[in-house]
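[1] got a predicted structure plus its sequence, pasted below:
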Amino acid sequence: MATRFGGRFSPDMPRDQRRAPPGPMRHRLASRPKWVTIAASPFLLTAFFQAPLGMVTDLAAFGVIAAAMWMTREGLTAEAAYDARRVARRPAIPRKLFGGVLAGLGLGLGAAEPGAVAGASVIGVAGLALHWLAFGADPMRDKGMDNADSFQQNRAARMIEEGEAHLAEMQDAIARIGDRRLEARVAVFAATVEDLFDRVRENPGDLSAARRYMGVYLMGARDATSKFAALYPRTQDPGTRVDYETFLDDLEKDFSAQADKLLDGDRNDLEIEISVLRERLMREGVRPAPEPVDTDDTRTRMLRSEDARKFDELISSDRDAAKSRR
């Protein structure tokens, strides 16, 4: 059955919902693993025209290279998510490194021949080096977490993972309905929630203020979405749909207001830190530097005052001469 498209530029889409939700994070090199897998396809095509040992070796080489490219693609996705955030942990598993090792192993297997182990090893090392040149290294350091408490970071990371799981369940439930407009609406709500997640990532100390939103409210939104996804396909009731969209609107406003509140709190904390630092500097006798005085302007003012004094003397002398003539 055909489904009517209801994208963000459709006439029936409300104006306040036409902003595009963020797309999936994609690395600029995400297409390269596919081409490397295609380039390794001769191992698969020629395997069945060889002796049993050669066939097994070529099939293993193609399978290892395909697994290496899958691991590399996952590493690129993790790196894209790492680069997109101002505060992020390094990936727990260096997937690109493992992908490079597997790629070198696959090339070595494909070049392996009796009595040519040294040559196959050299080809494998060359494959590892080429993989590193083509895809780069994994992020090996945490970003933006130099002065943060590790305990607070771990708590915030666990809460964010639970919240993202609730969002994923909401999107899966709406996807079962098959309505693109509802899918886009839930995606916009998810983007608003991700803004709150970013605030907590940047400052894990805000977790206590956002805990209710990331836990109780998201669980309620997930449960309401699941019930709506189970009811609406059977009834097709417009009122039920309007109630659900209104519910999302109100919840989205609450999440957006909470994210702005956390941002204002961070700004107030910065202003307090600046004022405290200024007071300490003044207490220690450090005064702000006076504004520089333009010597040219000072000289000009002095010249002008000197001219004015001479002009007054000239006027007074003229008056005295006039009186004496009288």
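    Right, received. Where do you want to start?
[2] so where's this protein uncertain?
    Residues of the chain that meet the criterion pLDDT under 70 lie in 1-25, 86-88, 115, 144-151, 205-207, 263-326.
[3] now Leu44, nearest residue through space, not along the chain?
    Phe62 (4.4 Å; Cβ to Cβ, 6 or more residues apart in numbering). Every C-beta, even on glycine, is put in place using the N, C-alpha and C of the backbone.
[4] what helix or strand is that neighbour located in?
    helix 52-84 (DSSP states H and E).
[5] before we move on, the earlier item: can you give me the neighbour number for the residue nearest to Leu44?
    For Phe62, the neighbour count with other Cβ atoms under 10 Å is 22.
[6] same deal with Ala120?
    Ala120, neighbours per other Cβ under 10 Å, totals 16.
[7] continuing past the helix holding Phe62, what's the next helix or strand?
    Following helix 52-84 toward the C-terminus (DSSP H and E): helix 95-111.
[8] by how many degrees do the helix holding Phe62 and helix 95-111 diverge?
    The directions of helix 52-84 and helix 95-111 differ by 160 degrees, with axes from the mean of the first three to the mean of the last three Cα atoms, to 10 degrees as the criterion.
[9] which parts of helix 52-84 are buried?
    57-69, 71-80, 82 (16 or more other Cβ atoms under 10 Å).
[10] ok, now stretch 130-137?
    His131, Phe135.
[11] and what of stretch 93-106?
    For stretch 93-106, the neighbour count (16+ other Cβ under 10 Å) marks 94-106 as buried.
[12] and what of stretch 220-231?
    Ala221, Arg222, Ala224, Thr225, Ser226, Phe228, Ala229.
[13] just stretch 32-44 next, same as before
    Arg32, Pro33, Val36, Thr37, Ala40, Phe43, Leu44.
[14] and those, which is closest to Arg211?
    Pro33 (39.0 Å; Cβ to Cβ).
[15] thought that closest one was touching Glu74?
    No. Pro33 sits out of contact with Glu74 when judged by Cβ atoms under 8 Å, with a separation of 9.4 Å.
[16] count the residues that sit near Thr246.
    10.
[17] I'd like the distance between it and Gly163.
    22 Å (Cβ to Cβ, to the nearest Å).
[18] please apply the same query to Arg234.
    30 Å.
[19] okay, the two: which has more neighbours?
    Neighbours of Arg234 and Gly163, each counted by other Cβ under 10 Å, are more numerous for Gly163; the result is 23 against 7.
[20] spatially nearest residue to the more buried one, not counting backbone neighbours?
    Met214 (4.4 Å).
[21] break this protein into its domains for me.
    17-135, 150-283 (automatic domain parsing).
[22] could you dump those to JSON lines with distance to Arg141?
    Formatted as JSON lines, the domains of the chain follow (distance: least, Cβ to Cβ, whole Å):
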{"stretch": "domain 17-135", "distance to Arg141": "6"}
{"stretch": "domain 150-283", "distance to Arg141": "14"}
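[23] out of these, nearest to Lys143?
    Across these, closest to Lys143 is domain 17-135 (Cβ to Cβ), at 4.9 Å.
[24] Leu107 reaches Gly124, doesn't it?
    Yes. The criterion here is Cβ under 8 Å, and Leu107 meets it with Gly124 at 5.5 Å.
[25] quick one: contacts for His27?
    Leu76, Thr77, Glu79, Ala80 (Cβ atoms under 8 Å, 6 or more residues apart in numbering).
[26] which of these lies closest to Asp138?
    Using Cβ to Cβ, the contacts of His27 come closest to Asp138 at Glu79, 6.9 Å.
[27] thinking the closest one is in contact with Lys96, fair?
    Yes. With contacts defined as Cβ under 8 Å, Glu79 counts as touching Lys96 at a distance of 7.4 Å.
[28] what's around Gln252, how many residues?
    In this structure residue 252 is Glu, not Gln. When counting by other Cβ under 10 Å, one arrives at 20 neighbours for Glu252.
[29] flag every buried residue along stretch 155-164.
    Neighbour-count burial for stretch 155-164 [16+ other Cβ under 10 Å]: Arg155, Ala156, Met159, Ile160, Gly163, Glu164.
[30] now those as TSV including distance to Gly239 and secondary structure?
    What follows is the buried residues of stretch 155-164, written out as TSV (distance: Cβ to Cβ, whole Å; DSSP: H, G, I helix; E, B strand; the rest coil):
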residue	distance to Gly239	secondary structure
Arg155	41	helix
Ala156	39	helix
Met159	35	helix
Ile160	35	helix
Gly163	30	helix
Glu164	31	helix
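[31] pick out the most distant pair among the residues you listed.
    The widest separation within the buried residues of stretch 155-164 (Cβ to Cβ) is 15.1 Å, between Arg155 and Glu164.
[32] what's the closest non-adjacent residue to Met159?
    Nearest to Met159 is Met214, by Cβ to Cβ, 6+ apart, at 5.0 Å.
[33] number of residues surrounding that neighbour?
    When neighbours are counted by other Cβ under 10 Å, Met214 comes out with 23.
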